[in-house]
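1. Test case, fold it:
(one chain, ligands or ions: 3)
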Amino acid sequence: MVPLATCERLGASGVKSTEVEEIRILRPDDWHLHLRDGAMLRSVLPDTAARFGRAIVMPNLNPPITTVAAAAAYRQRILAALPEGMRFTPLMTLYLTEATPVAEIRAAKESGLVHAVKYYPAGATTNSENGVRDLRQVLPVLAAMEELDLPLLMHGEVTDPAVDVFDREAVFIDRHLAPLRRDFPELRMVLEHVTTSTAVDFVQAAGPRTAATITAHHLLLNRNALFQGGIRPHHYCLPVLKREQHRQALIAAATSGSPQFFLGTDSAPHPRSAKESSCGCAGIYTAHAAIELYAEAFAQANALDRLEDFASRHGPAFYGLPCNPEQVTLRRETWPVPERLGCGDETVVPLRAGEQVFWRLLPF
Ligand SMILES: NC(=O)N[C@@H](CC(=O)O)C(=O)O
Ligand SMILES: [Zn+2]
Ligand SMILES: [Zn+2]
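-> Residues are numbered from 1 along each chain as shown. Ligands and ions are numbered 1, 2, ... in the order given. Predicted structure coming up:
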């Protein structure tokens, strides 16, 4: 057993991940996160802040964060909800609508606190109704973002009801992303929460101005998890889990060392009642064990030596930010996940509720 490894030493040593007891990595960041607001924000924020130095905070509140003023106010609410002594920096985003003025994009860049703009096809996912219906309406805004070098983040699924739900990412790439990539060659784009080998192949081929985030749940689960002995609403998210061959492609991408792939949990809490319903919401809560779950996926793939690049280096490099200066230690240790987490008057059911997680993040 290797008592304490760093990724660099581990990579050079040829030691198997299964032999590693503890690993030290630069403190990671989460490049795709839902923090919500109010009581939910206060409940979930400590889980993220205990693990990640920074997070790209999604703007799909109701109403959505469409202006720099709204992003600044939301940022203040996040900082106010941060428990005493915790160090965490929220990186804000704007929600793109067909009415977003170019002037707001310029203001966003100048503000220094908005790090990206999020594109939701209208109706594709939670709180996306104010998103984009007709891509042509936002072309001047995309041109401004290209000029200002402000990244575009995409929920990459078409909403066309004629398209099979498992094909919506691949069709989005074909119909929307590929033309955008061609028409805005300098625009930095992130295809969020990729779920298919099609997405991995596209991103890789598109070169360094295109990147993708990958969630822990898409690395650990395939679509069988939706129907494990019955219907499993807590495994339902968008884009929906895919076949095993796609999970394998995601593992290969995340552990490839390519700087185009980095960590984004897409931790998306919903009240239990909204998940366990005849029409349940999409979203999986993973912030309570996020880096630990990624460690599990990387260890299973014998690629713990690649975890630091994926979790702590590739994201900052893409966003033009420094890496976090601190290091954290992950230890191979089994711990039980509670059935429910308290959230104001409600509860949230986390991933692995009532089960176990096999890595632990040591306090630092
Ligand atoms: N991923 C999800 O299933 N849900 C997210 C929205 C999103 O990221 O698409 C949410 O806000 O609940
Ligand atoms: Zn999404
Ligand atoms: Zn999301």
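
2. Give me the contact list for the lengthiest helix in the chain.
-> Counting residues, the longest helix found in the chain (DSSP state H) is helix 68-81. With contacts defined as CB atoms under 8 Å, 6 or more residues apart in numbering, helix 68-81 is touched by 35, 37, 41-42, 45, 57, 59, 61, 65, 90, 92-94, 104, 107-108, 111, 113-114. C-betas here are computed from N, CA, C, even on glycine.

3. go on, stretch 107-116?
-> In contact with stretch 107-116 (CB under 8 Å, 6+ apart) are residues 56, 68, 71-72, 75, 91-94, 117, 148-153, 190, 319.

4. run the last query once more with 6 Å
-> 68, 71, 91-94, 148, 150-151, 153 (CB atoms under 6 Å, 6 or more residues apart in numbering).

5. coming back round to it: now do the longest helix of the chain: distance to the chain's middle.
-> 20 Å (CA atoms, centre = their mean, to the nearest Å).

6. which parts of it are buried?
-> 68, 70-71, 74-75, 78, 81 (16 or more other CB atoms under 10 Å).

7. which two of those residues lie the greatest distance from each other?
-> V68 and A81 (20.4 Å; CB to CB).

8. hang on, the earlier thing: quick check on the contacts of helix 68-81: which are buried?
-> For the contacts of helix 68-81, buried by 16+ other CB under 10 Å: 35, 41-42, 45, 57, 59, 61, 65, 90, 92-94, 104, 108, 111, 114.

9. still on that earlier bit, the longest helix of the chain - what's its average pLDDT?
-> Helix 68-81 carries an average pLDDT of 98.

10. hmm, back to that, of all the contacts of stretch 107-116, which comes closest to ligand 2?
-> L153 (9.0 Å; CB to the ion).

11. Secondary structure element holding that closest one?
-> Assigned by DSSP states H and E, L153 falls within strand 152-154.

12. low-confidence ranges in the protein?
-> 1-4 (pLDDT under 70).

13. Strands of that one, residue ranges please.
-> Along the chain, the stretches classed as strands by DSSP state E are 5-6, 22-26, 30-33, 54-57, 89-95, 114-119, 152-154, 189-191, 210-214, 261-263, 327-336, 341-343, 346-348, 356-361.

14. I'd guessed V357 sits against E292; true?
-> Yes. Using CB atoms under 6 Å, V357 makes contact with E292 at a distance of 5.1 Å.

15. need the contact list for whichever residue of the stretch 251-364 of the chain sits closest to ligand 2.
-> Nearest residue of the stretch 251-364 of the chain to ligand 2 (CB to the ion) works out as D266 at 6.6 Å. Residues in contact with D266, defined by CB under 6 Å, 6+ apart, are 32, 193, 215.

16. out of those residues, who's nearest ligand 1?
-> Closest approach to ligand 1 among these (CB to the nearest ligand atom): H193, at 6.3 Å.

17. so which of the buried residues of helix 68-81 comes closest to ligand 1?
-> Distances from ligand 1 to the buried residues of helix 68-81, taken by CB to the nearest ligand atom, are shortest for Y74, at 14.4 Å.

18. distance of the closest one from ligand 2?
-> 18 Å (CB to the ion, to the nearest Å).

19. Kindly report the same for R168.
-> From R168 to ligand 2 the distance is 11 Å (CB to the ion).

20. L177: neighbour count?
-> Residues lying near L177 (other CB atoms under 10 Å) number 20.

21. those helices in the stretch 151-300 of the chain, which residues are they?
-> Using DSSP state H, counting those that start in this stretch, the helices assigned to the stretch 151-300 of the chain run over residues 168-172, 178-183, 197-206, 216-220, 244-254, 272-275, 290-300.

22. could I get the ones you listed as a markdown table with mean neighbour count and distance to ligand 1?
-> Listed next are those as a markdown table, based on neighbours: other CB atoms under 10 Å; distance: least, CB to the nearest ligand atom, whole Å:
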| stretch | mean neighbour count | distance to ligand 1 |
| --- | --- | --- |
| helix 168-172 | 23 | 11 |
| helix 178-183 | 14 | 18 |
| helix 197-206 | 19 | 14 |
| helix 216-220 | 24 | 9 |
| helix 244-254 | 19 | 15 |
| helix 272-275 | 17 | 10 |
| helix 290-300 | 23 | 14 |
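
23. Any chance of TSV for those helices, columns distance to L362?
-> Listed next are these as TSV, based on distance: least, CB to CB, whole Å:
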stretch	distance to L362
helix 168-172	36
helix 178-183	41
helix 197-206	32
helix 216-220	19
helix 244-254	23
helix 272-275	30
helix 290-300	11
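
24. Alright, I will stop here.
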